[in-house]
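Undergrad: What follows is a predicted protein model with its sequence.
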Amino acid sequence: MSKVLMKGNEAFAEAAIRAGCKCYFGYPITPQNEIPEYMSHELPKAGGAFLQAESELAAVNMAFGAAASGGRVFISTSSPGLALMQEGLGFICSAECPVVVLNVSRGGPGVGGIQPGQADYIQVTRGGYNGDAKIPVLAPAGIQECVDLIYEAFDIADKYRNPVLIFADGMMGQMMEPVELPPARGITPPEKINETKPWAITGTAQHPGRNVVYSLRLEPDVLEKHVEHLFEKYDAAAKELVRYKSMNLDEAEIVFVAFGTMSRLCAEAIELLDAQGIKAGLIRPISLWPYPDAAFDEIGPKCKVVISTELNMGQMLTDVKAAVAGRWPVGLINRTGGIVPSSLEIVERAKKLLEGVK
Amino acid sequence: MKSVFEITKGMTPVDTSYCPGCSHGIAHRLIMEVLDERGELGNTIGVVPIGCSINAHHFMNVDMCESTHGRAPAIASGIRRVHPDKVVFTYQGDGDLASIGAGEILHAAHRGEKFTTFFINNAIYGMTGGQMAPTTLIGQRATTCVDGRTVEQAGLPLKMCEILAAVPCAVYVERVMLNNPANVRKAKKAVQTALDIQKAGLGFTFVEFLSACPTNWGLAPADALKWVETEMASYYPIGNFRKPEGY
Ligand SMILES: Cc1ncc(C[n+]2csc(CCOP(=O)(O)OP(=O)(O)O)c2C)c(N)n1
Ligand code: SF4
Ligand SMILES: [Mg+2]
């Protein structure tokens, strides 16, 4: 297949269409507006349904209805919109429905700003929904990877009957890159839904018995059993969904930990440091939950400092420290508010952190 | 022997969880009878609300899902996109629909969503123990207005039929009351009409049921039915507010 040059957001929308997405629901918010715009004209051509929701609250609940009745569903938003969706996402976890959610994140808190940010790290990895639930989070570092992850996320969501979240940042949504699009898989027609989703509410004429998709469990022992059942799925996901990439870990004095756009800048910084005779390496978590703790076991004997590198105030530090488990000092290089540091800034700050631990 | 009466297959053979004199059971039965008579039970997807009737999916013999509080119309909109040919309905209380879900119901009507909403107005938050709802009448006591609702404190009660009748794509809007057999029969007619219009794909359809909550009103069931007629219906007039030509 040949590559096409596409704007990130449009490529993400096209990836969802090709994955067999039946429904898209969204409410306008920068920097992801090209997604609902693209969906509004392209999804109906593929046989799907586009609906502009009156709010993110409505969008996530439309997604629940479509997913509960067996449709493949994609929703996208940006940071404050994701905050509004949290109640619904927890409900969808409890009711065990598959939904793919894309967060093209921006700066916060509050309405914040529209420049790229990673300040939703805690929001996406810890939720914001109530109760014991988990949502797998995948963080691509470029348009191609994001396209591939969205395409695959539909299968992951179906497998675990749970939402799956893709965490991109505004930089990826807005830039253009050549991308190879995956093949179109087609939409399952309504009368075939129960063949793969026997639980879906499609009308009793279409399946044996009666299907009810629900969350309320008033008896504590029944609710506890249900949560334990959810956690059997989450335990399996925690093993099966761990993903990361690493670079130069056995040689590195400095090990950067960075995801998304920041990991690309760290890769540049590593080259600059190398030219100055300083060996640096990188752990790039792709799955933010489950967090790739195992990657840290690959760090070699020369390591002096592990540096979490983020576009926020250090939200990933807790996970980095837990994975480091006291083996090396942990530092932080960060900018926030929508500012993306240059690779030179990263180099200078990394050298200072290295000095400090020597 | 020929049977003269049969319980509809639309209701599951279990006792409901509702209090004696509660109108939820009557409304359930009317909706399910009509779906049964129309041969649509196997072809229907319903959404239950947060409220006493979250339990409706134990009693209504169709495929159903629960809803987050107030968002049933958004959920039904999602279901409708996957299943353009099914009968889809939401069943919602007044706290659910007129308070926390006021936005979703308005926008479902605004888009002319082709499903039916059955609105159980009992002028109170039943499930949570009798707090004031947007539909609580002036002077009516509730646990968050123990001396009775006042205009100064909470404004005048919301009339959902009148509001929705002003929305262009809400094609059928009717208020009925479940206080006596004659009115229950009229209510059934409204359910039939709403579902027929949905089937014809003409737009959003809405039936409000003035309903009794004897438990939280502190009235005996018979007195509660009287209160529906004397107090509720004088503020919320029953009748049709909007219907397409030919219905
Ligand atoms: C987000 C959220 N807020 C509040 C509640 C608590 N709650 C449960 S039922 C209910 C009121 C329901 O009243 P109504 O819609 O009038 O239904 P009724 O019980 O009277 O039939 C409330 C506020 C909840 N479950 N979820
Ligand atoms: S509390 Fe009121 S609405 Fe709820 S079941 Fe009892 S009578 Fe019905
Ligand atoms: Mg009520």
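TA: Received it, and whenever you're ready, just let me know what you need. Residues are numbered from 1 along each chain as shown, chains lettered A, B, ... in the order given. Ligands and ions are numbered 1, 2, ... in the order given.
Undergrad: can you pull out the strands in the stretch 51-200 of chain A?
TA: In the stretch 51-200 of chain A, the strands defined using DSSP state E, counting those that start in this stretch lie at A:73-77, A:99-105, A:137-138, A:163-169, A:176-179.
Undergrad: between those, which gets nearest to A:Asp293?
TA: strand A:137-138 (14.9 Å; C-beta to C-beta). (C-beta placed from N, C-alpha, C; glycine too.)
Undergrad: which helices and strands does the closest one pack with?
TA: strand A:163-169, strand A:287-289 (3 or more C-beta pairs under 8 Å, 6 or more residues apart in numbering or on different chains; DSSP states H and E).
Undergrad: Partner strands of it, with direction?
TA: In the sheet, strand A:137-138 lines up against strand A:163-169 (parallel), strand A:287-289 (antiparallel) (DSSP bridges).
Undergrad: which one of these is the most hemmed in?
TA: Neighbour counts (mean count of other C-beta atoms under 10 Å in any protein chain shown) averaged over each of those peak at strand A:163-169, with a mean of 28.
Undergrad: Kindly provide the distance from the residue of the stretch 51-200 of chain A found nearest ligand 1 to chain B.
TA: Per C-beta to the nearest ligand atom, the residue of the stretch 51-200 of chain A with the smallest distance to ligand 1 is A:Glu87, at 6.5 Å. To chain B, A:Glu87 is 6 Å away according to C-beta to the nearest C-beta, to the nearest Å.
Undergrad: dump the residue contacts of that residue.
TA: By C-beta atoms under 8 Å, 6 or more residues apart in numbering or on different chains, the contact list for A:Glu87 reads A:57, A:60, A:129-130, B:68.
Undergrad: how does it look with 10 Å?
TA: The neighbours of A:Glu87, taking C-beta atoms under 10 Å, 6 or more residues apart in numbering or on different chains as the test, are A:57, A:60-61, A:128-130, B:68-69, B:71.
Undergrad: same question, B:Asp196
TA: B:34, B:38, B:116, B:172, B:202, B:205, B:247.
Undergrad: ok so it is a helix residue?
TA: Yes: under DSSP: H, G, I helix; E, B strand; the rest coil, B:Asp196 sits within a helix.
Undergrad: measure it to B:Leu164 for me?
TA: To B:Leu164, B:Asp196 is 19 Å away according to C-beta to C-beta, to the nearest Å.
Undergrad: Dump the strands of the stretch 51-200 of chain A into a markdown table; add mean pLDDT as well.
TA: Listed next are the strands of the stretch 51-200 of chain A as a markdown table, based on pLDDT from 0 to 100:
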| stretch | mean pLDDT |
| --- | --- |
| strand A:73-77 | 98 |
| strand A:99-105 | 97 |
| strand A:137-138 | 98 |
| strand A:163-169 | 96 |
| strand A:176-179 | 96 |
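Undergrad: want to throw those into JSON lines with distance to A:Gln144?
TA: As requested, these are arranged in JSON lines below (distance: least, C-beta to C-beta, whole Å):
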{"stretch": "strand A:73-77", "distance to A:Gln144": "18"}
{"stretch": "strand A:99-105", "distance to A:Gln144": "15"}
{"stretch": "strand A:137-138", "distance to A:Gln144": "14"}
{"stretch": "strand A:163-169", "distance to A:Gln144": "12"}
{"stretch": "strand A:176-179", "distance to A:Gln144": "5"}
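Undergrad: so B:Met60 bridges to which residues?
TA: B:Met11.
Undergrad: what number of residues lie near it?
TA: 26 (other C-beta atoms under 10 Å in any protein chain shown).
Undergrad: Now do the same contact list for it.
TA: Under the criterion of C-beta under 10 Å, 6+ apart, the neighbours of B:Met60 are A:210, A:212, B:10-12, B:28-29, B:31-32, B:35, B:41, B:44, B:46, B:48, B:53, B:89, B:91.
Undergrad: Filter the residues you listed down to the ones in strands?
TA: A:212, B:44, B:46, B:89, B:91 (DSSP state E).
Undergrad: and the first one, what is it in contact with?
TA: It refers to A:Val212. For A:Val212, the contact set (C-beta under 10 Å, 6+ apart) comprises A:68, A:95, A:199, A:201, B:46, B:48, B:57-58, B:60, B:62-66.
Undergrad: would you turn the residues you listed into a markdown table with distance to ligand 1?
TA: A markdown table is the format used below for the contacts of A:Val212 (distance: C-beta to the nearest ligand atom, whole Å):
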| residue | distance to ligand 1 |
| --- | --- |
| A:Ala68 | 18 |
| A:Ala95 | 14 |
| A:Trp199 | 24 |
| A:Ile201 | 21 |
| B:Gly46 | 15 |
| B:Val48 | 10 |
| B:His57 | 14 |
| B:His58 | 15 |
| B:Met60 | 15 |
| B:Val62 | 19 |
| B:Asp63 | 22 |
| B:Met64 | 16 |
| B:Cys65 | 15 |
| B:Glu66 | 10 |
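Undergrad: Most neighbours among these, please name it.
TA: Busiest of the contacts of A:Val212 [other C-beta under 10 Å] is A:Ala68, holding 35 neighbours.
Undergrad: which ones are touching that residue?
TA: Going by C-beta under 10 Å, 6+ apart, the list of residues near A:Ala68 reads A:92, A:95-99, A:197, A:199-202, A:211-214, B:45, B:47, B:63-67, B:75, B:78-79, B:82.
Undergrad: can you check B:Gln92 too?
TA: Counting by C-beta under 10 Å, 6+ apart, B:Gln92 touches B:47-51, B:53, B:67, B:69-73, B:98, B:101, B:104-105, B:117-121.
Undergrad: and chain B, which of its residues are near ligand 1?
TA: Contact residues (C-beta under 6 Å from any ligand atom) of chain B with ligand 1: B:50-53, B:69, B:93-96, B:120, B:122, B:124-128, B:133.
Undergrad: Please check those residues and keep the buried ones.
TA: Burial by neighbour count, judged by 16 or more other C-beta atoms under 10 Å in any protein chain shown, picks out B:50-53, B:69, B:93-96, B:120, B:122, B:124-127, B:133 from the residues of chain B next to ligand 1.
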